[in-house]
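Student: sequence first, then the predicted structure:
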Amino acid sequence: RVVGMFINTLPLRLQLKGSKVRQIVQDTQRELVELLAYEQTSLALAQRCSAVPASMPLFSAMLNYRHSAPMETGGMGNELGIHILASQERTNYPFDLLVDDLGEGFSLVAQTDRRVDPNRVTAYMHTALEALVQALETAPDTEILDLAILPANERRQVLEEFNATQVAY
C-alpha cells in the first residue's frame, strides 16, 4: 500500500583528529562492514541507543553512497515497456549528499536547506575527494585534517582577497 524506496539510516561517527589518510579509509570501511549486522535496526532503537536526547534529531546530515549502473539509451525498465517520465529525489534532512558510483565515474548531488548552496557543497566534496585520492596514491600517512577541502577559487578568496589589507600610509 506504500509506494517508495525505503533505506535504513544508521549513524557512523569517525575520529578525524590525529588520523592518517590510509587509516581513516580502512577504519571507515571496517565500521561500515560492522554496521551491516544492524541494517534492520529501527531508527527508534538507534535513537534510544545513542547519547542524543530524544527531543533532538539523530541526524542533521546524510551521506548516501550508492552503486548505479549507467542508464542505457532506452532508459531503465525499457525492456519491460516501462518508461520513466520524470523523477525527483527528496529528503527530510537539512543536508544530504549523494555519491552515485556509476562504475566508470561518480556523480555528486547535494540537497540542502535553501540557505546553503548545493553547488558549493558538491564543489567541497569534489575537492576533498581529489585530495583524498591524491594522498592515498602519493602520501597515505598524511593527516586527514591536512587535506584541502576548499576549491581553489574559494581558497584564493579566503587567503588572498579577504586578507588584502595593505594600506599606503
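Tutor: Yes, it's here. Values in this document were obtained by computation on a predicted structure and should not be read as measured data.
Student: neighbours of Gln88, how many?
Tutor: By other C-beta atoms under 10 Å, 4 other residues sit near Gln88. Glycine gets a C-beta too; all of them are placed from N, C-alpha and C.
Student: in a helix, it, correct?
Tutor: No - assigned with DSSP: H, G, I helix; E, B strand; the rest coil, Gln88 falls outside any helix and is coil.
Student: could you say which helix or strand contains the closest residue to Leu147 other than its chain neighbours?
Tutor: Once flanking residues are discounted, Leu147 sits nearest to Ala131: 4.1 Å by C-beta to C-beta, 6 or more residues apart in numbering. Counting by DSSP states H and E, the element that carries Ala131 is helix 118-138.
Student: for the closest residue to Tyr38 other than its chain neighbours, what are its contacts?
Tutor: Excluding its sequence neighbours, the residue lying closest to Tyr38 (C-beta to C-beta, 6+ apart) is Leu10, at 6.0 Å. Leu10 makes contacts with Leu35, Tyr38, Glu39, Thr41, Ala46, as judged by C-beta atoms under 8 Å, 6 or more residues apart in numbering.
Student: pLDDT at Leu10, what is it?
Tutor: With respect to pLDDT, Leu10 scores 81.
Student: how close does it get to Ile82?
Tutor: Distance, Leu10 to Ile82, by C-beta to C-beta, to the nearest Å: 32 Å.
Student: and the residue nearest to Tyr38, which of the three is it?
Tutor: Secondary structure for Leu10, judged by three-state DSSP, is coil.
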